[in-house]
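Undergrad: Build the 3D model from these lines:
(chains A, B, C and D)
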2 protein chains.
Amino acid sequence: MAIPRTDQRDGVRRHDEVVGYLLKHAHLELERRTDEALAPLGLTSRELGVLRVIVGGAARSQQETATLLGVDRTSMVAVVDALERMGAVARRPSDEDRRRNVLEATADGRALFRRAEDVSLAVERDFTAALGGAGAAELRAALRALL
Amino acid sequence: MAIPRTDQRDGVRRHDEVVGYLLKHAHLELERRTDEALAPLGLTSRELGVLRVIVGGAARSQQETATLLGVDRTSMVAVVDALERMGAVARRPSDEDRRRNVLEATADGRALFRRAEDVSLAVERDFTAALGGAGAAELRAALRALL
DNA sequence: TATTGTTATACTCTATAACTATA
DNA sequence: TATAGTTATAGAGTATAACAATA
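TA: Numbers count the residues shown, from 1 in each chain, chains lettered A, B, ... in the order given. Predicted coordinates:
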């Protein structure tokens, strides 16, 4: 059982001992750095996340993509719109169920993904550099265990 | 060695190997659970965070509180309004610098904080239960090293 | 001139409801 | 009757600009 540090008054936790604070600000800082690094490619981290599951084949329809990434299907529309507008992804009606949009990455989209994912990985490595390679892997494993 | 999903194409990371995804969703889930558990006390996790630094004496003015928690000073106004409205916190002009609002927790505010912090700690322990006590401490240390 | 708190405003992200076309 | 995608809309959270009081 970990005992919280009590540097301040009356045994009150410091704000940076609170897991919620740490998760929120670690996320915000990593997202800020990633979006900054991706900007020259004309892509946001949000769009890269969707492109990743399409290129990787982890999701085929918009609904599957939304469910997998834990976002609302209505939020997915604008992201797929943007990816389609930049020629990275194509929508076509499914042969089996014409209500569904099958999402396919174009050749340009796959090339864009590779460049963007390299950028994203470099930012991640830099962000977790203080932990070392093994520490970064442990962090990933711990976070995955929470979800 | 991770076992690849059959529908995952080679060379593409799974979405749940991406640190940004893991941080975001761990944060969202913990916040959801915390807000749910705090609701009977009439407090949000956001308000508890501000009340914590006031009760703990880590910040004295609104500006200090905002800077410490990494939020905009304009966003702080509504949170302090809410805490003041529920009688947990009082604003008074500083003696040294009358532009500044000194924020002080009331007796009711300190009592509310203790109950809310107990709830928050219980939710955190439950959320990180899969890691064990030592694993939770390691997670906290790793996240603090990132910031 | 600069700073604290405040208000007004805008922009993003998210959530709900309703529509369409298909099943 | 139910589902996938879409649109419109409203709600949070956050950021910028401008103002009043004070330094």
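Undergrad: anything in stretch A:37-45 sitting right up against chain B?
TA: Yes - for stretch A:37-45 and chain B, the contact criterion (C-beta under 8 Å from any C-beta of the partner chain) is met by residue A:45. Bear in mind the C-beta positions are built from the backbone N, C-alpha and C, glycine included.
Undergrad: before we move on, what about stretch A:20-33?
TA: Yes - using C-beta under 8 Å from any C-beta, a contact is recorded between stretch A:20-33 and chain B, made by A:20-31.
Undergrad: and what of stretch A:136-146?
TA: Yes - contact of stretch A:136-146 with chain B (C-beta under 8 Å from any C-beta) involves A:136, A:138-140, A:142-146.
Undergrad: Which positions within that stretch qualify as buried?
TA: Of the residues in stretch A:136-146, A:136, A:138-140, A:142-143, A:146 count as buried by neighbour count, 16 or more other C-beta atoms under 10 Å in any protein chain shown.
Undergrad: Which of those fall in helices?
TA: A:136, A:138-140, A:142-143, A:146 (DSSP state H).
Undergrad: What is the nearest of those residues to chain B?
TA: Nearest to chain B out of those is residue A:143 (C-beta to the nearest C-beta; 3.8 Å).
Undergrad: okay, the buried residues of stretch A:136-146 in JSON lines with distance to residue A:8 next?
TA: Shown next, in JSON lines, are the buried residues of stretch A:136-146 (distance: C-beta to C-beta, whole Å):
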{"residue": "A:136", "distance to residue A:8": "31"}
{"residue": "A:138", "distance to residue A:8": "29"}
{"residue": "A:139", "distance to residue A:8": "27"}
{"residue": "A:140", "distance to residue A:8": "32"}
{"residue": "A:142", "distance to residue A:8": "27"}
{"residue": "A:143", "distance to residue A:8": "28"}
{"residue": "A:146", "distance to residue A:8": "27"}
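Undergrad: Any chance of the residues of stretch A:20-33 next to chain B in a markdown table with pLDDT and neighbour count as columns?
TA: Shown next, in a markdown table, are the residues of stretch A:20-33 next to chain B (pLDDT from 0 to 100; neighbours: other C-beta atoms under 10 Å in any protein chain shown):
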| residue | pLDDT | neighbour count |
| --- | --- | --- |
| A:20 | 95 | 23 |
| A:21 | 95 | 22 |
| A:22 | 96 | 23 |
| A:23 | 96 | 25 |
| A:24 | 94 | 22 |
| A:25 | 94 | 19 |
| A:26 | 95 | 27 |
| A:27 | 95 | 21 |
| A:28 | 94 | 15 |
| A:29 | 94 | 15 |
| A:30 | 96 | 23 |
| A:31 | 95 | 17 |
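Undergrad: and which of these is nearest residue A:41?
TA: Of all the residues of stretch A:20-33 next to chain B, residue A:31 has the smallest distance to residue A:41: 15.6 Å, by C-beta to C-beta.
Undergrad: Next, the contact list for that closest one, please.
TA: A:45, B:20, B:24 (C-beta atoms under 8 Å, 6 or more residues apart in numbering or on different chains).
Undergrad: what do you get for residue A:90?
TA: Here residue A:90 is in contact with A:84, A:103-104, A:106 (C-beta under 8 Å, 6+ apart).
Undergrad: same thing but at 10 Å, please
TA: A:54, A:80, A:83-84, A:101-106, A:109 (C-beta atoms under 10 Å, 6 or more residues apart in numbering or on different chains).
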